[in-house]
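Undergrad: A predicted structure for the sequence below; I have some questions about it.
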Amino acid sequence: MGKEEEPTFEELLEQLRDEDNWTRGSAVMKLGDLGASGDSRVVEPLIEMIKDKSNNVRKSVFHVLADLGNRQALEPLKKALKTADDYFEKARIESCLRELENKIYEEEKNLFLEKIKQIEKKEIYITDALIKYADKSNVKLLYRELWISLWQDNFDIADEIVKKLIDLGDKKQLEEELLKGREKIDFTPMGREILEQTEEYLAILKPPKVSDNPHFWIRRANQRYSPYRIRFFSDKKVSKALMYILRNEKELELLEEVAKAARTLNDPNLIKPIVELLRKHVNEYDYYYYDTYFYIQLVLCDVLIDFDSEIAVDNILYCLERTVKGNDISGLMSGDDVKYLFGKVKELSTTRAEKFLEKHTRRLETLTLEDNIVGWMFILAFIGDIRVIEPIRKLMKQYDIPDEEIIENLIRDIKQNEEQN
C-alpha cells in the first residue's frame, strides 16, 4: 500500500466547515503543520476558527496560533480573552497569549539586534542596544525589557529604560503601561518592591502631593542611589516634602520613618522642624502612648546627633529636664532611656554633661514638695554618678519618700557603675 497523501490546503479549509467536531479539530492541527513549514495562508482561517462552537476545537486553535507565533493572531486572541466566559478557557487563552507574545518579542528582538550588530560590528546586549539606539518603532521592546528588568531586580537598568521612553516622548503610553502592568503584580515581597518602583515612575510622570502620599517621599529620600530619579526629584523638593510631613503628620510611626529619611537626606534645613517636633512631643506627654512617646524622642535625638552635635546636646538635655514635670512621675523616661541619652551627651560634650550633673545635684538640696522630688531622684540616679547619693539619702529622710527599696537599688547600681568605671 502506498503512503496516504496529506490533504491540500483547500481540502483542509473544506474540513473546517464539517459538522463533525473531530474532523474540524484534525483540520486545525494539520493547518498548524502547514503553517510550521512556512505556509502563511493558514493564519486567517485559523483565526476565524477562534469562534468555533466546540470547546476542544477552540482549544486546538489557541495552541496552534501560539505555536505559529504570527502577530496577526495577537489581537483576535486578546478579543477572545475578553469575551470568554469560562474560567478554564480564559486561563488557556492567557497562556497561549503569553507564548505568542514571547515568540513575537524574540523575533523582534533578534531583528533589532541583527540591525545593531551591523552598526556596532560586535554582539551587544539587548538592553544596552535599546537604551542607545531605540526609536519610537521599538517601544514595545523597551516595555518588555522594562518589566524583565523589574522582575530581575535590575532597577538601575529599569531606570534607564524609563528615561529612554520619556525621552522618546512616550509619557502617556508609559503611564498606561505602568498602570496596566501593576494590575498583574502579586503581593509577594518582590511584587511589593516592584509596585514601589512603578509608583516612583508614575510619580515622575505626575508627581504626587505630599499630603496624598507621604510614604512615596520617604522612600525617595532613602533611595538616593539613582541619578535618574534625583533628576526628577531633587533633594530640595524632597526636603520640602519631608518638612511638610514633619509639621503636619500625627501618626508617630510615620514620623519616625520621616525623621530617619531626613537623616539620610542630610539637609540642614530639616533641623528646625525636627527640633520643633521633638519639643512638641516632650511638652505634650500622652500617658496612653507611653512607649511610642519616648521612643520617638530617642529617634529624633539620634537624628539630630547626625546633623549637629551642639544642637543635639541642647535638645537631649531639654528632654531630660522636661521629662520631670509637676508631681506626676508617670511621665518619666525609663532608666535605660535616661542612661542612653545622657551617655550621648557625655560622648558629644563632657563639659555640658558635667555642668548638667552639677546643676541638678545641687538642685536636689533645694527641692520642695511642690517639685517632682522622686522624678529628679530617679533621673539623677539613672544617670549614675556617686555624687548624687548623699543628696538623695537626705531627701528620702527629709520627706519620708516611699519606695525606699527602689531608691536603695538605684544607689547600689550607681556604686557598681562607679567601681566598674
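TA: Arrived safely. Computed from a predicted model, the values in this text were never measured in an experiment.
Undergrad: give me the number of residues near residue 139?
TA: With neighbours defined by other CB atoms under 10 Å, the count for residue 139 comes to 18. For the C-beta atoms, the positions are set from N, CA and C on the backbone; glycine is no exception.
Undergrad: I meant residue 398, not that one.
TA: If we define neighbours as other CB under 10 Å, then residue 398 has 11 of them.
Undergrad: okay, it: pLDDT?
TA: With respect to pLDDT, residue 398 has a value of 75.
Undergrad: Let me know the secondary structure of it.
TA: Classification of residue 398 using DSSP: H, G, I helix; E, B strand; the rest coil returns helix.
Undergrad: could you pull out the helices for the stretch 201-350 of the chain?
TA: Remark: helices assigned in the stretch 201-350 of the chain by DSSP state H, counting those that start in this stretch are 214-222, 227-232, 235-248, 252-265, 271-283, 290-307, 309-322, 335-348, 350-364.
Undergrad: Next: the stretch 1-150 of the chain.
TA: Using DSSP H, counting those that start in this stretch, helices in the stretch 1-150 of the chain cover 9-15, 21-36, 43-48, 55-68, 74-83, 87-120, 126-133, 139-151.
Undergrad: Dump the ones you listed to JSON lines, plus mean pLDDT.
TA: What follows is those, written out as JSON lines (pLDDT from 0 to 100):
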{"stretch": "helix 9-15", "mean pLDDT": "92"}
{"stretch": "helix 21-36", "mean pLDDT": "93"}
{"stretch": "helix 43-48", "mean pLDDT": "94"}
{"stretch": "helix 55-68", "mean pLDDT": "94"}
{"stretch": "helix 74-83", "mean pLDDT": "93"}
{"stretch": "helix 87-120", "mean pLDDT": "92"}
{"stretch": "helix 126-133", "mean pLDDT": "91"}
{"stretch": "helix 139-151", "mean pLDDT": "91"}
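Undergrad: ok, back up a step: how about the helices of the stretch 201-350 of the chain in TSV, adding mean pLDDT and mean neighbour count?
TA: Formatted as TSV, the helices of the stretch 201-350 of the chain follow (pLDDT from 0 to 100; neighbours: other CB atoms under 10 Å):
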stretch	mean pLDDT	mean neighbour count
helix 214-222	75	21
helix 227-232	56	15
helix 235-248	84	18
helix 252-265	83	20
helix 271-283	87	17
helix 290-307	81	19
helix 309-322	87	19
helix 335-348	85	18
helix 350-364	83	15
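Undergrad: give me the number of residues near residue 64?
TA: 23.
Undergrad: excluding its backbone neighbours, what's nearest the most centrally placed residue in the chain?
TA: With distances taken as CA atoms, centre = their mean, residue 196 lies nearest the centre of the chain, 4.5 Å away. Among residues not flanking residue 196 along the chain, residue 219 sits closest, at 6.2 Å (CB to CB, 6 or more residues apart in numbering).
Undergrad: again with residue 30
TA: residue 12 (5.6 Å).
Undergrad: what's the distance between the one you found and residue 70?
TA: Distance, residue 12 to residue 70, by CB to CB, to the nearest Å: 17 Å.
Undergrad: With residue 377 instead?
TA: For residue 377, the distance to residue 70 - CB to CB - is 86 Å.
Undergrad: These two: which has the busier surroundings?
TA: residue 377 (25 against 20).
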